[in-house]
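> Got a predicted structure here, sequence first:
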There are 2 protein chains.
Amino acid sequence: MGRLAILSGAGALPVALAAAHPDAVIVTFAGVDHTHDRPVCEHRFEKMGALFDDLKAQGATDVVFAGGMARPPLDPSAFDATMAGIAPRLVAALQGGDDALLRLVIAVFEEQGFTVRGAHELLPGLTAEEGLLAGPTPSEQQQKDASFATDILLALSPLDVGQGAVVAGGLCLGIETLQGTDALLSFVAATPDKLRRTKGGVLVKAPKRGQDLRVDMPAIGPDTIRNAAAAGLSGVVIAANRVVVLDRDATLAAARDTGLFLLAQAL
Amino acid sequence: MGRLAILSGAGALPVALAAAHPDAVIVTFAGVDHTHDRPVCEHRFEKMGALFDDLKAQGATDVVFAGGMARPPLDPSAFDATMAGIAPRLVAALQGGDDALLRLVIAVFEEQGFTVRGAHELLPGLTAEEGLLAGPTPSEQQQKDASFATDILLALSPLDVGQGAVVAGGLCLGIETLQGTDALLSFVAATPDKLRRTKGGVLVKAPKRGQDLRVDMPAIGPDTIRNAAAAGLSGVVIAANRVVVLDRDATLAAARDTGLFLLAQAL
């Protein structure tokens, strides 16, 4: 692998990647939040030609996308020639779900000769092997709830919807949409008690079936655990090897503090 | 049809049924909200034997379930003999989704000799025929969004999840779970602008495929339209003849006031 470029959005993952790859080129985008405290190269989505030129000039051969990137509105009048060339495919991708857009982004970087890496390839231990990571062994009901939540995600997967679902006592309390896991858990937390048949419940996080793990890999972290606890859940189940565990020590500590189980399962 | 009993939960529908059937026995349940202003017979879920005896004594032959009923926790120590006899099947139904429970309720009433009616059979005009009920004709994008939301509902239908979904510009902004449509629309309204690719969006409401329309029929009303407008949506699509339109005049007026379209489609 040659020099790495980290195309960075919000959150802890780009910073962790930068720490593990001190030689990397750090790229951010105007209008996208990031939390790097080392020098960054800020680019614009409208000027992808300039980005490719800059990456090549700096010797980058490999790129990784990391962190959440809200999509700022694109200003077509600012497109450079490269971006104008991509525009027709972009129009098509923008009609589809998130995955359509991300597949296009990967394709465009590959056409430019870059190797697109997944963050999980670059940070050993970023995902979790199968097994109980923290907390009590899930009960039979909790396992059933996890299985039902997984069925919901699988049913939605062909539609490019859903990286998370919450089930409690056989009832679905929420399905993750583009607002993300924390928004889902706030929604679940606001459920009136009288609508919940039982206490507890399980959050399942898994990538969509067939999802390219090099972009938009589902992630959990200490906040996920704390928010799941605040929503009254009993535990969190993640797809083994296919969900990022951000700040693993703090995530496990949060599970211990809240008493929630955290289980990695082959889903 | 003999005398009707209206087993009443919250909302406008039980009141509308009572107005259309002045002779009906009005039944409510301890712990369940209702808005009747005429005399009601309050029963307890734990004493179904007493309910059946009362209905028969009052000459009721037909029953209709109407309005939202949150499930208060059942107190098994208060079960009468009839309820104790139902308990084993109740345990099984409680492990499943809403439909499993409602199918059991229908079966139990039928075993007791009652005919279970759907509210839409008893209130002509309660649902809507196919057609544009109010507002502008949906654009091609809005029709695509409606079609995608419908696909989401169909994918979830075998799992007994989902009577509503919101899609905007090809992105799913929310899927209805047991908290109901208003909670879904509040959730959508709270979506940060930068996550929404486009303005607008469409709410689709439809029963689950194969759902027994005699209970828990999906419903919209003026609040649905106003909340959809507050969530920034452009319109609402309902399954023709299979979704209750509560307070139709006010619902159509709300669509006119907010500029939203309201379309009934064969879904």
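Noted; the coordinates are in hand. Numbers count the residues shown, from 1 in each chain, chains lettered A, B, ... in the order given.
> what about A:Thr127, how many neighbours?
Look at A:Thr127: counted by other C-beta atoms under 10 Å in any protein chain shown, it has 22 neighbours. In this view, the C-beta of every residue, glycine as well, is placed from N, C-alpha and C.
> In this structure it contacts A:Arg248, no?
No: if you go by C-beta atoms under 8 Å, A:Thr127 and A:Arg248 don't touch, sitting 9.8 Å apart.
> can you give me phi and psi for the residue sitting furthest away from the middle of chain A?
Going by C-alpha atoms, centre = their mean, the residue of chain A most distant from its centre is A:Lys194, 32.6 Å out. Per-residue torsions, A:Lys194: phi -70, psi -20 (degrees, to the nearest 10).
> Mind pulling up the pLDDT for it?
Per-residue pLDDT puts A:Lys194 at 78.
> how near is the residue nearest the centre of chain A to A:Asp80?
With distances taken as C-alpha atoms, centre = their mean, the residue of chain A nearest its centroid is A:Pro218 (3.4 Å). Per C-beta to C-beta, to the nearest Å, A:Pro218 is found 33 Å from A:Asp80.
> buried residues in the one helix or strand A:Asp54 maps to?
Under the criterion of DSSP states H and E, A:Asp54 resides in helix A:48-57. Residues A:Met48, A:Gly49, A:Leu51, A:Phe52, A:Asp54, A:Leu55 are the ones in helix A:48-57 that count as buried (16 or more other C-beta atoms under 10 Å in any protein chain shown).
> Check the gap between the closest residue in space to the third one that isn't next to it in sequence and A:Val15 for me.
Once its chain neighbours are removed from consideration, A:Leu51 has its nearest residue in A:His43; the separation is 4.4 Å (C-beta to C-beta, 6 or more residues apart in numbering or on different chains). When C-beta to C-beta is applied, the distance between A:His43 and A:Val15 equals 18 Å.
> on contacts alone, who are the packing partners of the helix ranked longest in chain A?
Here the longest helix in chain A is taken by residue count, with DSSP state H as the criterion, and it is helix A:140-156. In terms of contacts (3 or more C-beta pairs under 8 Å, 6 or more residues apart in numbering or on different chains; DSSP states H and E), helix A:140-156 is packed against strand A:164-168, strand A:171-175, strand A:202-205, strand A:235-239, strand A:261-265, helix B:140-156.
> at 6 Å what do you get?
Contacts defined by 3 or more C-beta pairs under 6 Å, 6 or more residues apart in numbering or on different chains; DSSP states H and E place helix A:140-156 against strand A:164-168, strand A:202-205, helix B:140-156.
> So which bits of chain A are right by chain B?
Within chain A, the positions near chain B by C-beta under 6 Å from any C-beta of the partner chain are A:70, A:95-96, A:151-152, A:155-156, A:159, A:161, A:170-175, A:177-179, A:187, A:191, A:194-195.
> Any quick PyMOL command for the buried ones out of the residues you listed?
Here is the PyMOL selection string for the buried members of the residues of chain A next to chain B, based on 16+ other C-beta under 10 Å:
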select buried, chain A and resi 151+152+155+156+159+161+170+171+172+173+174+175+177+178+179+187+191+195
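> coming back round to it: from the buried residues of helix A:48-57, which is closest to A:Val116?
Nearest to A:Val116 among these: A:Leu55, at 12.2 Å, using C-beta to C-beta.
> The closest residue to the closest one other than its chain neighbours: how many residues sit nearby?
Using C-beta to C-beta, 6+ apart and skipping the chain neighbours, the partner closest in space to A:Leu55 is A:Ala5 (5.2 Å). A count of nearby residues for A:Ala5, using other C-beta under 10 Å, gives 26.
> Please look at A:Ala5 and A:Val63 and confirm they touch.
Yes: in this structure, A:Ala5 is within contact of A:Val63 by C-beta atoms under 6 Å, at 4.7 Å.
> re earlier: against which helices or strands is the helix holding A:Asp54 packed?
On a contact count with 3+ C-beta pairs under 6 Å, 6+ apart, helix A:48-57 meets helix A:81-95.
> bridging residues for the residue nearest to A:Leu55?
Judged by DSSP bridges, the bridge partners of A:Ala5 are A:Val25, A:Val63.
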